[in-house]
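Q: after the sequence you'll find the predicted model.
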Amino acid sequence: MIIYEAVVYAVSLKKNIKMAYTEYMNEKGQVVNTILYYSTNTSRDAIDIVRYYKARFQMEFIFRDGKQYTGLANCQARSVEKIHNHVNYAMTAVNVAKAIIRKDIKKDQPCSCSIQDIKTELFNQFLLERIFINYDINPELQKNNELKRKILDFGKVAA
């Protein structure tokens, strides 16, 4: 990526802002995407502005997953301690699910971590085990491995 920076006046904010115009390149050096980031702190470096936005969106994904899948928004407690515990339990559940997703992926490799995918895979695993038990099928047979993977991945969102 290439980042251009400038301090400009924002009419809607009625103040100067630091703009970071970012061009994202492919392997051939061609621009495939451009994004404008800004900060009201005009002394901040443009690369820091881009990093902060990326970190912010990662945090928003965690909160979204917490609300959708672990009941983060469903607390009716009144005491500060109970609310604190509820938030910690919900966020811990999200982090454990993401750890499950990343268990076979190296740290330097990117991973699209979807709680929906892990939920789908765990349900498929439960269903597959029920089928193996009910039809007396040995799940450890070599010929079942490829079929098991296809069934476990069934219904996952393509990343």
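A: Structure's in. What do you need?
Q: so for residue 89, what's the pLDDT?
A: If you check residue 89, the pLDDT there is 94.
Q: the chain should start at 59 in everything you say after this.
A: With 59 as the first residue, the last one maps to residue 147.
Q: for the residue of the chain most remote from its centre, phi and psi?
A: Most distant from the centre of the chain: residue 194, at 38.2 Å, with distances by C-alpha atoms, centre = their mean. Per-residue torsions, residue 194: phi 50, psi 50 (degrees, to the nearest 10).
Q: now the one 3 residues further on
A: The phi/psi pair for residue 197 (degrees, to the nearest 10) reads phi -70, psi -10.
Q: and it, how many neighbours?
A: 12 (other C-beta atoms under 10 Å). Just so you know, the C-beta spots here come from the backbone N, C-alpha and C atoms, and that holds for glycine as well.
Q: quick one, helices of this structure?
A: For the chain, applying DSSP state H gives helices covering 104-127, 138-160, 173-192, 203-211.
Q: what's the burial count for residue 127?
A: Residue 127: 17 surrounding residues under other C-beta under 10 Å.
Q: leaving out the residues flanking it, which one is nearest to it?
A: Leaving out its chain neighbours, the residue that sits closest to residue 127 by C-beta to C-beta, 6 or more residues apart in numbering is residue 173, at 4.6 Å.
Q: how much space separates the one you found from residue 108?
A: Between residue 173 and residue 108 the distance is 26 Å, computed by C-beta to C-beta, to the nearest Å.
Q: of those two, which one has the most company?
A: It is residue 173, of residue 173 and residue 108, that has more neighbours when counted by other C-beta under 10 Å, with 21 against 17.
Q: how much space separates residue 206 from residue 182?
A: From residue 206 over to residue 182 the distance is 9 Å, taken as C-beta to C-beta.
Q: reformat the helices of the chain as a markdown table; add distance to residue 74.
A: Compiled in a markdown table, the helices of the chain are given as follows (distance: least, C-beta to C-beta, whole Å):
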| stretch | distance to residue 74 |
| --- | --- |
| helix 104-127 | 14 |
| helix 138-160 | 37 |
| helix 173-192 | 40 |
| helix 203-211 | 50 |
